[in-house]
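> fold the following and give me the result.
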Amino acid sequence: MSLSLVIFDCDGVLVDSEPVASRVASAELTALGWPLTPADCLKLFTGMTLRDALPIVEQHVGTVPDGWIDRLAARFLHAMTEEAEPVPGARDALLATNALGLPWRVASNSSRREMAAKFHVTGLTDLVGDRIHSAADVGRGKPAPDLFLAAAAAGAADPERCIVVEDSALGVRGAVAAGMAVIGLARHDDGAELADHGATIIHQLADLAPLLGRKLSA
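Numbering: from 1, shown residues only. Here you go, the predicted model:
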């Protein structure tokens, strides 16, 4: 495959934000009457937009109070500003991608405001710059292909010459639907679910640059 663009997910790939988000979601959903642990929330909602998660929530608690989604988003943003950390090796992975001469972009179901906060607190803003794409920009988030196709268009790259780095099944499905190859980052398990959806598995970001290099030279 001739590579021309790498597309990184944000949460779980560059920023270790999912444990923070799951803890906030656990507290908020338990207060609504649906007692879930952070581990439950991580399993149920990883990779989803808040709007996509809402029907699942309402199946269990009924109609949520007016403004609940906006208040939850604000709590996420505050928690990320205080607690988000980079995924180990994130900065090195971006620098190594640059060193390979590969352009890259970031495509996330998170809002632009959330991503800006996460990259600021993790010290990645200087590298990421304006290369971010949010589901809010395109209307449909992952697992729809729209977000990845928008990132490819911004990078003037054909989808079949893009490779996506993802940690969620929703993200892998979206990338495959966009006609892109996928590297699945499975830091906490064997990656079987990501592989089932079509991803090539790595278990740490240190393994990314060698894999990209092999694909470039293939």
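> got the domain ranges for the chain?
By the record's domain assignment, the chain is partitioned as 5-16+85-217, 18-83 (automatic domain parsing).
> ranges for the helices of this structure?
The residue ranges that make up the helices of the chain, judged by DSSP state H, are 18-32, 38-45, 50-61, 68-83, 90-99, 112-121, 125-128, 135-138, 146-154, 169-177, 192-196, 208-217.
> which of the ones you listed sits most buried?
When these are scored by mean count of other CB atoms under 10 Å, the highest mean neighbour count falls to helix 169-177 (a mean of 24). From N, CA and C alone the C-beta is placed, and that goes for glycine too.
> okay, the angle between it and helix 146-154?
When axes from the mean of the first three to the mean of the last three CA atoms, to 10 degrees is applied, the directions of helix 169-177 and helix 146-154 differ by 50 degrees.
> how big is the angle separating helix 169-177 from helix 38-45?
With the same axes, to 10 degrees as the criterion, the two stretches helix 169-177 and helix 38-45 enclose an angle of 20 degrees.
> does anything pack onto helix 169-177? Which helices or strands?
In this structure, helix 169-177 makes packing contacts with helix 146-154, strand 162-166, strand 181-185, helix 192-196, judged by 3 or more CB pairs under 8 Å, 6 or more residues apart in numbering; DSSP states H and E.
> now render those as CSV, adding mean pLDDT and distance to R112.
What follows is those, written out as CSV (pLDDT from 0 to 100; distance: least, CB to CB, whole Å):
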stretch, mean pLDDT, distance to R112
helix 146-154, 97, 12
strand 162-166, 98, 19
strand 181-185, 98, 22
helix 192-196, 97, 26
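> before we move on, the earlier item: and the domains of the chain, which one is worst for confidence?
Comparing mean pLDDT across the domains of the chain, the lowest value falls on domain 18-83: a mean of 88.
> straight-line length of that one, end to end?
This stretch, domain 18-83, spans 11 Å end to end (CA to CA, to the nearest Å).
> follow-up on the earlier one: would you list the helices and strands packed on helix 169-177 in TSV and tack on distance to T97?
Supplementary listing: the helices and strands packed on helix 169-177 in TSV, determined by distance: least, CB to CB, whole Å:
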stretch	distance to T97
helix 146-154	14
strand 162-166	9
strand 181-185	12
helix 192-196	20
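> of all those, which one is nearest D11?
Using CB to CB as the criterion, the shortest distance between D11 and the helices and strands packed on helix 169-177 is 10.2 Å, found for strand 162-166.
> quick one: contacts of that closest one?
By CB atoms under 8 Å, 6 or more residues apart in numbering, the residues outside strand 162-166 that reach it are 1, 3-9, 13, 107, 148, 151-152, 155, 171-172, 175, 178, 180-185, 194, 199, 208, 212, 215.
> how far off centre is that strand?
Computed by CA atoms, centre = their mean, to the nearest Å, the chain-centroid distance of strand 162-166 equals 11 Å.
> with just CA atoms, put that strand into CSV.
Backbone C-alpha positions of strand 162-166 (Å, rounded to 0.1, in the frame of the first residue of the first chain) are rendered in CSV as follows:
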residue,chain,number,x,y,z
CYS,A,162,-4.8,6.6,4.2
ILE,A,163,-4.1,4.6,7.4
VAL,A,164,-6.0,5.2,10.6
VAL,A,165,-4.8,4.6,14.2
GLU,A,166,-7.8,3.7,16.4
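> all good on my end, thank you.
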